[in-house]
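**Student:** got a predicted structure plus its sequence, pasted below:
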Amino acid sequence: MSVSEYIQTEAVVVIRAVLDKLVRRKGLLLGAAALATIAAASSTLARRRKFDRLAQDRHQRREEERARLEKHFAGPISPSQKIIVTLPLAELRQKLRDGELNCLAVLEAFTAAALAADRATNCVTEFLWDEAWKLAKKLDELPKEQRGPLHGVPVSFKVRITYSSVDSSRGTNHDF
């Protein structure tokens, strides 16, 4: 049980104990408002526990994904990857469209760079490696005439941008 769960559980227990003492000492009957307060506190606590479990599960999943990527991209960024990530955007786009670079190589280079940056600054909340890898493979198979202006260029989103199947704070730091 987390500290916040313990405090919330204890708060509900204290509220119930105080109301029980009032009933015994004063012979008061619990009114609908008091019962509703107890029910609401219990319901809120149950929702909070469910949210905490969900958050812990997602955090564990993200940590497992990060560990898996760390094994795959162990060590510093390679010289060939450094060349890719330092290319100007216009040149990177052109090389991807012309087929001089493939999307998987570019994805691996930028992922290695993101992991290196994350090790130093803890700046990445979630890597979408599996999705990106599948998309890069599909993009590599496209004929040159079907490649768009940003074909294969990796992107990174701030956590406040909502993206399917990814947690988003929507720019807040509150626990909901």
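**Tutor:** Alright, I've got the coordinates.

**Student:** what about residue 89, distance to residue 80?
**Tutor:** 19 Å (CB to CB, to the nearest Å). Just so you know, the C-beta spots here come from the backbone N, C-alpha and C atoms, and that holds for glycine as well.

**Student:** mind giving me the domain ranges of this protein?
**Tutor:** 3-62, 73-146 (automatic domain parsing).

**Student:** which helix in the chain has the most residues?
**Tutor:** helix 32-72 (DSSP state H).

**Student:** for stretch 140-149, measure first residue to last.
**Tutor:** 14 Å (CA to CA, to the nearest Å).

**Student:** just the domains of the chain: most buried one?
**Tutor:** domain 73-146 (a mean of 15; mean count of other CB atoms under 10 Å).

**Student:** endpoints of it, how far apart?
**Tutor:** End residues of domain 73-146 are separated by 31 Å (CA to CA).

**Student:** please shift the residue numbers so they start at 55 in all later answers.
**Tutor:** With 55 as the first residue, the last one maps to domain 127-200.

**Student:** for it, what is the average pLDDT?
**Tutor:** For domain 127-200, the mean pLDDT works out to 91.

**Student:** hmm, residue 117 and residue 179 touching each other?
**Tutor:** No: the pair residue 179 / residue 117 is not scored as a contact, 11.4 Å apart, by CB atoms under 8 Å.

**Student:** mind telling me what element residue 158 is part of?
**Tutor:** Secondary-structure assignment from DSSP states H and E places residue 158 in helix 157-175.

**Student:** and that helix with helix 86-126, angle?
**Tutor:** Helix 157-175 and helix 86-126 are oriented at 120 degrees to each other (axes from the mean of the first three to the mean of the last three CA atoms, to 10 degrees).

**Student:** helices or strands up against helix 157-175?
**Tutor:** Counting contacts by 3 or more CB pairs under 8 Å, 6 or more residues apart in numbering; DSSP states H and E, helix 157-175 packs against helix 86-126, helix 133-139, helix 143-152, helix 183-195.

**Student:** which elements pack onto the second one?
**Tutor:** In terms of contact count using 3+ CB pairs under 8 Å, 6+ apart, helix 133-139 is assigned the packing partners helix 157-175.

**Student:** contacts for the helix it packs on?
**Tutor:** 120, 123-124, 127, 130-132, 134-136, 138-139, 146, 150, 177-178, 181, 183, 186-187, 189-191, 193-194, 205-208, 210 (CB atoms under 8 Å, 6 or more residues apart in numbering).

**Student:** send the alpha carbons of that helix over as CSV?
**Tutor:** The C-alpha coordinates for helix 157-175 follow below in CSV (Å, rounded to 0.1, in the frame of the first residue of the first chain):
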residue,chain,number,x,y,z
CYS,A,157,13.9,4.5,-42.6
LEU,A,158,15.0,1.8,-40.3
ALA,A,159,18.6,3.0,-40.2
VAL,A,160,17.3,6.6,-39.5
LEU,A,161,15.0,5.3,-36.8
GLU,A,162,17.7,3.4,-35.1
ALA,A,163,20.1,6.4,-35.2
PHE,A,164,17.5,8.8,-33.7
THR,A,165,16.5,6.2,-31.1
ALA,A,166,20.1,5.7,-30.1
ALA,A,167,20.5,9.5,-29.8
ALA,A,168,17.2,9.8,-27.8
LEU,A,169,18.4,7.1,-25.4
ALA,A,170,21.7,8.8,-25.0
ALA,A,171,20.0,12.1,-24.2
ASP,A,172,17.5,10.4,-21.9
ARG,A,173,20.4,8.8,-19.9
ALA,A,174,21.8,12.3,-19.3
THR,A,175,18.6,14.2,-18.7
